[in-house]
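Colleague: this one's structure only:
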Ligand code: XIL
């Protein structure tokens, strides 16, 4: 079947970034990833700015993305593609009219692409990237973070929406489905623990479904925080998303701990003594473990619809939020109390 990693229990599904930390980070964390994870998702290497930095057929930069896919295949891991259409980490040229040749009017360089130009660029990009890894990358984040955090607008005011219009989302799914009819196509977004944003997700997906767009799974990023109660609303969040009738993938799980210098116990935080620092770490570790336990209790409740859990990083050193020490393994790749909790809960 098309779905990967039906069983998450007993072995969380992992993501591993080759991006800004380079090949050495891959080597260092390789053992950890191979031991505890059965799936990889690239942190940055398949984003438009990295894989397709310049216009034209020779504008692609395949080496890091190819290395990522080969790593996954070599180790028999499920390979996730992240991400095709996003407002961030996308080069400016994508949204501009074609640059004029030097002996033509200079006006063209600054003007925006037309709807037709941008649709064609999006189609070409999706066909090229999805096509290259057809049958190898089984799951794609087709559209990432299209929903607005503000007001009543469902879609964020991105260049994609401004230039193409709201149907850019459906078009992206159509193009991806053309490029690989067997791939599982996800809509992925963050903050779905909050009722307002989740409501917008539900109306967006219902509209896509009514229009026949091939959206096949919902990705909920789950960048959580121990100091907020967001992990407590996970159960409610999953219940409502589940009602869409699509599989749910947790796509970028991490739980930010207390910020550095933030008071986490009654201890004097200004003290530099190793004992105090050790106490704060232990307390932060305990709170993180509790939060992960809460999240996984909710995930287990929804195991019928949950297909994938991806952590946004393997260890704390290799996390985009490393200061918040948000993962199951510390900077030296030692398991934290949160790891034990996840194993016991799941
Ligand atoms: C982040 C990466 O982890 C960083 O390395 C990069 O600098 C910015 O992007 N939502 C997403 C991910 O969908 O692509 C983001 O990844 C984190 C938020």
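Modeller: Cool, got the structure. Treat the numbers as computed from the prediction; the structure is a model and nothing was measured.

Colleague: so where's the stretch 201-346 of the chain uncertain?
Modeller: For the stretch 201-346 of the chain, applying pLDDT under 70 flags the ranges 229-231, 258-272.

Colleague: in the chain, which helix is the longest?
Modeller: helix 274-301 (DSSP state H).

Colleague: can you list the buried residues in it?
Modeller: Buried residues in helix 274-301, counted by 16 or more other C-beta atoms under 10 Å: 279-280, 283-296, 298-299. For the C-beta atoms, the positions are set from N, CA and C on the backbone; glycine is no exception.

Colleague: quick one, phi psi at the residue of the chain found nearest the ligand?
Modeller: In the chain, the residue that lies nearest the ligand is residue 320 (3.3 Å; C-beta to the nearest ligand atom). Backbone geometry at residue 320, expressed as degrees, to the nearest 10, gives phi -70, psi -20.

Colleague: distance-wise, check it relative to residue 223.
Modeller: Distance check for residue 320 against residue 223: by C-beta to C-beta, to the nearest Å, it reads 9 Å.

Colleague: more neighbours: which of the two?
Modeller: residue 223 (20 against 17; other C-beta atoms under 10 Å).

Colleague: would you confirm that that one contacts residue 313?
Modeller: No: under the criterion of C-beta atoms under 8 Å, residue 223 makes no contact with residue 313, lying 11.0 Å away.

Colleague: overlap in contacts of the two?
Modeller: residue 254 (C-beta atoms under 8 Å, 6 or more residues apart in numbering).

Colleague: thought residue 288 was touching residue 336?
Modeller: Yes: judged on C-beta under 8 Å, residue 288 makes contact with residue 336 at a distance of 6.8 Å.

Colleague: who touches stretch 198-206?
Modeller: Stretch 198-206 is contacted from outside by 146-148, 154-155, 169, 187, 189, 192, 215, 218, 237, 240-241, 243-244, 246, using C-beta under 8 Å, 6+ apart.

Colleague: buried ones among those residues?
Modeller: Buried among the contacts of stretch 198-206 by 16+ other C-beta under 10 Å: 146-148, 154-155, 169, 187, 189, 192, 215, 218, 237, 241, 244, 246.

Colleague: residue 112 versus residue 162, what's the distance?
Modeller: From residue 162 to residue 112 the distance is 8 Å (C-beta to C-beta).

Colleague: can you give me the strands for the chain?
Modeller: 13-14, 39-40, 78-85, 139-144, 184-189, 217-220, 223-225, 248-256, 306-311 (DSSP state E).

Colleague: winner for burial among those?
Modeller: strand 139-144 (a mean of 28; mean count of other C-beta atoms under 10 Å).

Colleague: hmm, it in reach of the ligand?
Modeller: Yes: legend: contact between strand 139-144 and the ligand by C-beta under 6 Å from any ligand atom is shown at residue 144.

Colleague: report all helices and strands that that strand contacts.
Modeller: Packing partners of strand 139-144 (3 or more C-beta pairs under 8 Å, 6 or more residues apart in numbering; DSSP states H and E): strand 78-85, helix 168-179, strand 184-189.

Colleague: would you mind listing what in the stretch 51-200 of the chain touches the ligand?
Modeller: For the stretch 51-200 of the chain, the residues in contact with the ligand (C-beta under 6 Å from any ligand atom) are 144, 190.

Colleague: so, low pLDDT: which residues of the stretch 51-200 of the chain?
Modeller: Flagging of the stretch 51-200 of the chain using pLDDT under 70 yields the residue ranges 99-109.

Colleague: can you report phi and psi for residue 153?
Modeller: According to degrees, to the nearest 10, residue 153 has phi -70, psi 130.

Colleague: actually residue 55, not the one I typed
Modeller: Dihedral pair for residue 55: phi -70, psi 160, per degrees, to the nearest 10.

Colleague: OK, contacts around the residue of the chain closest to the ligand?
Modeller: 43, 312, 313.

Colleague: distance of residue 293 relative to residue 340?
Modeller: 10 Å.

Colleague: actually residue 138, not the one I typed
Modeller: 30 Å.

Colleague: between the two, which is the more surrounded one?
Modeller: More crowded of residue 138 and residue 340, by other C-beta under 10 Å: residue 138, with 19 against 14.
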